[in-house]
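Colleague: after the sequence you'll find the predicted model.
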Amino acid sequence: MSTLVDTNVLLRQLEPEHDHHRAAIAATMHLIESGETLYVAAQSIAEFWSVATRPGRRTGSGSV
């Protein structure tokens, strides 16, 4: 089976203080270890880059 990884999953993996950080990592690792094929859409890469490169408090990811 193939799985499309959402932007939020990518972002949460890089935010250790976020409530969903561990869940994002655990879910991704489970899929990888199960032999799933993971895909990231070009749109998700653009969204990730946009949020990840914003300065500090303006990430838009719900964290302060």
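Modeller: Nice, I can see it.
Colleague: tell me the centre residue of this structure?
Modeller: Among the residues of the chain, the one closest to the centroid is residue 10, at 1.2 Å (Cα atoms, centre = their mean).
Colleague: can you name the next helix or strand after the strand or helix carrying it?
Modeller: Taking DSSP states H and E as the criterion, the element that holds residue 10 is helix 7-13. Sequence-wise, the next helix or strand downstream of helix 7-13 (DSSP H and E) is helix 21-33.
Colleague: from the chain's centre, how far out does that following helix sit?
Modeller: Chain-centre distance of helix 21-33: 10 Å, with Cα atoms, centre = their mean, to the nearest Å.
Colleague: following element in sequence after it, please.
Modeller: The helix or strand immediately downstream of helix 21-33 is strand 37-39, counting by DSSP H and E.
Colleague: tell me the mean pLDDT over the very next helix or strand once past that following strand?
Modeller: Remark: after strand 37-39, the chain's next helix or strand is helix 42-52, criterion DSSP H and E. Mean pLDDT, helix 42-52: 94.
Colleague: okay then, goodbye and thanks.
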